[in-house]
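> quick one: sequence and predicted model below, then my questions.
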Amino acid sequence: MYCIGIAGRSGSGKTRVAAELVRLWPQARVLATDAYYRDLSQLSVAERGAVNFDAPAALDWELLVADLARLRSGASVRVPRYDFATHTRMPEPAPLAPGDGLIVEGLFALFDRRVREMLDLAVFIDAPEEECLRRRIERDIACRGRTEAFARAQWERHSAPMYERHVSPTKAYADLFLDGTAEPAGSARSVADAVARVATAPGER
């Protein structure tokens, strides 16, 4: 199985590029790191809202690494389904069978050494902060039950500083950089071309 990691700032277009890549490569599967946020059902609603979801500690790394290893070995996994409106996991995980390729996408796709060691190609998507914030606000209102004021406050308090501290430094691990303002289909084609080059080059991982 060929494994690709796609990281970048929140709102940079990671999910859209991954979806377009699957259109080009139907045998590939997507493993979104967002699915591995820790279940906060033990906390009050107010306490959940105060959690920093833009910090690496918000993810269940042990489960993510274990599931990634199982997929790479050819085994199926049961991926958690996360409810972003309540910050809790839904009762039934989603089954995911291995394919010819696996796309690991999310803020921290290149953050953890154990994950990086299982990647064959590391991709980082960059886009202007203003554009990423606009997309984040649209998504949070449409899909996560947030208000614009809440989304902006969360961006200033957590997203922006955590990007600089934890996500931006992972650019150092990237094999390929993409422009998050470009058409996702074109970016996906760039990834597919890079996969073809790496997969056929002697001595490449």
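Cool, got the structure.

> who's in contact with Ser12?
Neighbouring residues of Ser12 by Cβ atoms under 8 Å, 6 or more residues apart in numbering: Ile125, Asp126, Ala127, Cys132, Gly180. The C-beta positions use only the backbone N, C-alpha and C, and glycine is treated the same way.

> just confirm it is within a strand.
No. Going by DSSP: H, G, I helix; E, B strand; the rest coil, the assignment for Ser12 is coil, not a strand.

> neighbours of the nearest residue to it once chain neighbours are set aside, how many?
Leaving aside its sequence neighbours, Ser12 sits nearest to Gly180 (Cβ to Cβ, 6 or more residues apart in numbering; 4.0 Å). Other residues within reach of Gly180 by the criterion other Cβ atoms under 10 Å amount to 22.

> look up phi and psi at Gly180.
Here is the backbone geometry of Gly180 (degrees, to the nearest 10): phi -70, psi -10.

> same question for Gly8.
phi 160, psi 170.

> isn't the residue nearest to Ser12 right next to Thr15, touching?
No. In this structure Gly180 lies outside contact range of Thr15 using Cβ atoms under 8 Å: 11.3 Å.

> hang on, the earlier thing: show me which of the contacts of Ser12 is closest to Leu43.
Cys132 (27.7 Å; Cβ to Cβ).

> so the closest one sits in a helix?
Yes. Judged by three-state DSSP, Cys132 forms part of a helix.

> count of residues packed around the closest residue to it other than its chain neighbours?
Leaving aside its sequence neighbours, Cys132 sits nearest to Gly11 (Cβ to Cβ, 6+ apart; 3.4 Å). A count of neighbours around Gly11, defined by other Cβ under 10 Å, yields 25.

> repeat for Glu117
Other residues within reach of Glu117, judged by other Cβ under 10 Å, total 9.

> list the buried residues for the host helix or strand of Val22?
Assigned by DSSP states H and E, Val22 belongs to helix 14-24. In terms of neighbour count (16 or more other Cβ atoms under 10 Å), helix 14-24 has its buried residues at Lys14, Thr15, Arg16, Val17, Ala18, Glu20, Leu21, Val22.
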